[in-house]
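Undergrad: below: sequence and its predicted model.
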Amino acid sequence: MPSSLATLDVPQNLVARLKFTCPFCSLFCDDLEVSLAGIKFGELTPSCSLALSSLKSTPCLKNKNEVHGIRKPFELARDEACRLLEDAKNPLVYLTGEISCEEQRQAVVFGRYWNAVVDTPGSAGGCSLFQAINRIGWQSANLSDASKAETLLAFTPDILAKFPRLIHPERQNKQIFVIPEDLPEESKGDFPAYFHEKRWQKHQRKVSVQSLFSMSGRSNGVYIMDHEFIRQGEDAIQELFSLMDSSDVAPGWKGMALFQGSNAQGAVDALQSISGYPACVRFSKSAAEFSVRDYALENMVKNSECDLVLFMGYPSDLPGSVLRQLIKIKTILFSSEKPAWEPDIQFPIKRVGMDGAGMVIRTDGMPLHLPELFTSDRPALQALMKSLKRKRGA
Amino acid sequence: MILIRNARVYDPASAIDGEIQDIWVNGEFICSPPASDCNPEVIDARGYILAPAGVEIHTHVAGAALNSSRNLFLGKPDAMAALLPSARESAMQYLRLGYTTVFDAAMPPSLAYQTHIDFKDMPCLDTGSYTLMGDHQVLLDTLARDDKNRVKDVIAWLLEASGGYAVKLVNPGSGYLWRRGRKPPELDEPLGLGKLTQRKIIQDVVEAVNEMGLPHGVHLHAGMLGRPGSWKSFCDTVDALEGQRAHLCHIQFYCYGDDGQGGLTSAAEEVVERISRYSNLTFDVGQVLFGSALAISADLGALGYLRSLIGGPWISRSFEAEGGTTSLPLAYLQKDPAAAVQWAVGLELMLRFPDPGRIFLTTDHPNGGLFTSYPQVISWLMNKAERDEVLERIHPSAQKLTGLAGINRELTISEIVAMTSSGPARSLGLQDRGKLSPGSRADIRCYREQTNKTAMFMNPCWVMKSGRMVVREGRIKSSPDLRQTLAVCPEWDRDRKGSILEQLSELISFSVEQYGLGPQRAEMAFKEVTCASRES
């Protein structure tokens, strides 16, 4: 298995402009162009701070297999990974969003092959968020609805940082309200009363601050919810949703969930299609069991209920509390990102939309194909999984 | 070469009704007895019933709508496993029932990828899907301009872009109005797009599809689904087709009178009288079973109405340039008067309609109930005493407000085969299946003769797909993947593609090259079913 440095197609002395579908957040904007000189990315138009910083860090990504932080030939790393897998009594496969739908589906099948638990970021936030939306009964919005809406109400503190292009500069007339995730303590006892007193307005980090009353009667609005937000207190959020649905504050508005980790929606979809369940599946020889609480990465690692984590994708979106837990457990990381902990084994892999091509699911459920932006000789995740299975068979 | 010897054969397409015969199979197909001696593999079928494998014309087992519906069942894995099994598990269940061809009933073109990727997980099953078009903005605008040639091109483009098999209209125009906060349209109510009405959408699209020679006529989900008094509106829709070829789906949900207090009565007799006038129409039933179900539909207005009645969590999604889909969990309870009437109406329809080759057994899975309940429904259709026993224990409205108790007809095995295999195959324009004559695909189911028809139809002794044994005594046999995705490729004026995509680009937030299957289409293998216009 080759593992040399990633190579880009453009010689150092040439500058090329490439059409670019951005894989760095779950909006997957496809109207970008990036300049490329050698292995360095330069100007990005239209500008996007998140995409630009991610592109610029791309040449620094890992491209060598490592065992305990030391570069090793592929065969040695693979044999060590197989040994860990064979020894593991309760392996857990965790899928994040930086790999393609095809790879995510194969990864679920891989988890089934090894009788593992399979979890995705969706179990911690996205699925709960959908549940909250569904319980209230909102129509879900798509990105086109959001871009055409007169008013956006965003339940997320960092909408501009996390999804920079959701609010395009050309949409000057749009009114945008932002409610931070750290809801004030006094709101949690009686959220409707709190809401009615309009005290929430104090917490707007405004793009354009308006009064609550200016929202009344506007039928063309979209609520946007970052899935991190719901982790702060589901009860309070439920009450807020209920209030908005039942009152005349914003009749006919639609809701849209924002998935973090680009193709996290694809990971949930893969789990659903293969296992029939959206989150946290324990495969065994005889059956598949399901439990969000028991089989979630965070709980299993915290309670030492899994003895090996196969982490597929980029771990940077995970909360620090989980990352700290991963230090205590054996881990095999399939990612080119430098992690915040030292995994037992790391295999660099292609990233969809950069040196890999494949399907992704946008935050509103739209499937899109991301082409390869440059070539590298990092292996695809599928090839690695196949190699591990073949080695076991041998 | 395989010789299946001394089977009791039911092949309604060839008017064979329980005769003892030999069936020869060569490769993937049924063949005539060989002229010269050969050394075939012999399967002794004495005492066994042989019929063409089942063809499912209307179910929901694949695609994005199922995945989003699964979010409704977080923490309820047992309910989810029953109502929304994985694509692979659904395929296994269909194969074990003797079905080898399954059509998923609704595929939004923009989300076609998820449907096809699920099909890939359904081994040994031939699959296809109907492309949703009744609320597609490009088609509606074209219809409003009354440009009939362009209508055909838009239909062909949408089928090609999505890898679809047929055109699906779901209460057409209702999604367009729903997105604008308006209630579903009456048949002749202007939508606000010139003079466009639901009647015109239905008539023009049906006409276009028939002129294009698509193998299956328009697959039509009419308006007023589930409403008291819906039968009149449904019959108006049937009349609006003016005798043209089409398929009307899950018609049980439209055969309701009004008891004067907002409750349901049966209007099956009136509907059967009306639909019997049109020989070019086929129907599937959408039988209701008692127990948990999941309403899953692109009829945003109908499910919005239903949710206003029963409440609870639901999903309502709209798609760019199209309508959307909704999902709402529900239950049909034996002691509920409406559910009891619905259960009886479905059976009434199948027993009253004279031609089982034009009315097909479906549950609109999982809307009316699970497809795994087909054997139970078949048993009710074949045995009056069994359905009378149910009538005795469910809400009395089923006896008082429907005509089921007065129907003595009991369907024969041949009639059951017609409504589960030869009829759907013919309606779908699948000339290679649904029959056991030489040249047909060797998709065969074999039953041990039993008086208990539920047990008999639940457990085929074996099932053959394309000449290979894929199920034996309920166990799936590993075999090479015999799966095919069936699709059509009608001729159209590709010079118009540029202007169609230009129109689309105003409506969506991503590149038009990505629309439908996008670049993935080239990598997907389809089995093309030829359109009549191309044959000629």
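TA: Good, I have the coordinates. Remember, predicted model here, so these are calculated numbers, not experimental data.

Undergrad: got a pLDDT number for the closest residue to chain A within the stretch 101-250 of chain B?
TA: At 4.0 Å from chain A, residue B:113 is the closest residue in the stretch 101-250 of chain B, using CB to the nearest CB. For every residue, glycine as well, the C-beta is placed using N, CA and C. For residue B:113, the model assigns a pLDDT of 96.

Undergrad: name the nearest residue to it, ignoring sequence neighbours.
TA: In space, and not counting its chain neighbours, residue B:113 is closest to residue A:367: 4.0 Å by CB to CB, 6 or more residues apart in numbering or on different chains.

Undergrad: and that neighbour, what does it touch?
TA: Counting by CB atoms under 8 Å, 6 or more residues apart in numbering or on different chains, residue A:367 touches A:101, A:359, A:360, A:361, B:64, B:111, B:113, B:114.

Undergrad: give me the pLDDT value at the fifth one.
TA: As predicted, residue B:64 sits at a pLDDT of 92.

Undergrad: burial count for it?
TA: 27 (other CB atoms under 10 Å in any protein chain shown).

Undergrad: tell me the contacts of residue B:240?
TA: Counting by CB under 8 Å, 6+ apart, residue B:240 touches B:187, B:199, B:202, B:203.

Undergrad: if we use 10 Å, what do you get?
TA: Neighbouring residues of residue B:240 by CB atoms under 10 Å, 6 or more residues apart in numbering or on different chains: B:187, B:188, B:197, B:198, B:199, B:200, B:202, B:203, B:206, B:222.

Undergrad: mark which of those residues are buried, thanks.
TA: Neighbour counting by 16 or more other CB atoms under 10 Å in any protein chain shown classes B:187, B:197, B:198, B:199, B:200, B:202, B:203, B:206, B:222 among the contacts of residue B:240 as buried.

Undergrad: so where does the fourth one fall, helix or strand?
TA: It stands for residue B:199. In this structure, residue B:199 is located in helix B:198-212 according to DSSP states H and E.

Undergrad: and the next helix or strand past that helix?
TA: Where DSSP H and E defines the elements, the next helix or strand beyond helix B:198-212 is strand B:218-221.

Undergrad: buried set for that following strand?
TA: B:218, B:219, B:220, B:221.

Undergrad: looking at these, spot the one nearest residue B:356.
TA: Residue B:356 lies nearest to residue B:219 out of these, by CB to CB, at 19.4 Å.

Undergrad: beta partners of that closest one?
TA: residue B:168, residue B:247 (DSSP bridges).

Undergrad: my guess is it contacts residue B:424. True?
TA: No. Assessed by CB atoms under 10 Å, residue B:219 is found out of contact with residue B:424, at 11.6 Å.

Undergrad: what do the two both touch?
TA: Between them, residue B:219 and residue B:424 share the contacting residues B:57, B:58, B:103, B:247, B:282, B:284, judged by CB under 10 Å, 6+ apart.

Undergrad: ok, which pair from these is furthest apart?
TA: The distance between the two most remote of the shared contacts of residue B:219 and residue B:424 (CB to CB) is 12.9 Å, for B:103 and B:282.
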